[in-house]
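[1] I'd like to go over a predicted model; first the sequence, then the structure.
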Amino acid sequence: MSAAKALTGEQKKALARFRQRLGGLSDARKEEHKRRLAARKAIRKLLENGPATVPDLAARSGIEPREVLLVLAGMRKYGMAREEGEEGEYVRYAPIAPSEGSES
């Protein structure tokens, strides 16, 4: 999967105008986005210590298991994490290094 290209300054301005026409983002939506980014960062950091299951990541991070699963689904979709074996009934997840993800 290829990495997303960064937006140019003009594209960012056009996107900002578009969002403004739609009424902008609500404060609640902005907070949700910040929370999800923080969760992804925390989970990524935990995975750097080795593969882990959703319950393990949830217990170690203090993030709800449902949220951990949603974050991992996004990380898998965008080539940031992969399934790596099983532990009991649970799938273990491992991070994908940026160079590793761009080769596929």
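    It's in.
[2] and the pLDDT for the spatially most distant residue from the centre of the chain?
    Residue farthest from the centre of the chain, counting by CA atoms, centre = their mean, is Arg21 at 27.8 Å. The model reports Arg21 with a pLDDT of 88.
[3] can we start the residue count at 6 from this point?
    Let's use 6 as the start, then, which means that last one is Arg26.
[4] how far away is it from Ile101?
    37 Å (CB to CB, to the nearest Å). To be clear about C-beta, it is placed using only N, CA and C from the backbone, and glycine gets the same treatment.
[5] repeat that for Ala43.
    Where Ile101 is concerned, Ala43 sits at a distance of 20 Å (CB to CB).
[6] more crowded one of these two?
    More crowded of Ala43 and Ile101, by other CB atoms under 10 Å: Ile101, with 21 against 13.
[7] quick one, what contacts that one?
    Gly84, Met85, Ala86, Arg87 (CB atoms under 8 Å, 6 or more residues apart in numbering).
[8] can you count the residues close to the residue lying closest to Leu75 once chain neighbours are set aside?
    Among residues not flanking Leu75 along the chain, Arg41 sits closest, at 8.0 Å (CB to CB, 6 or more residues apart in numbering). For Arg41, the neighbour count with other CB under 10 Å is 14.
[9] Arg41 belongs to a helix?
    Yes - judged by DSSP: H, G, I helix; E, B strand; the rest coil, Arg41 forms part of a helix.
[10] I'd assumed Val73 was in contact with it.
    No - judged on CB atoms under 8 Å, Arg41 makes no contact with Val73 at a distance of 11.3 Å.
[11] secondary structure class for Ala63?
    Using three-state DSSP, the structure places Ala63 in helix.
[12] any idea how far the closest residue to it other than its chain neighbours is from Gly29?
    Nearest non-adjacent residue to Ala63, counting by CB to CB, 6+ apart: Pro70, 4.2 Å away. According to CB to CB, Pro70 stands 32 Å off from Gly29.
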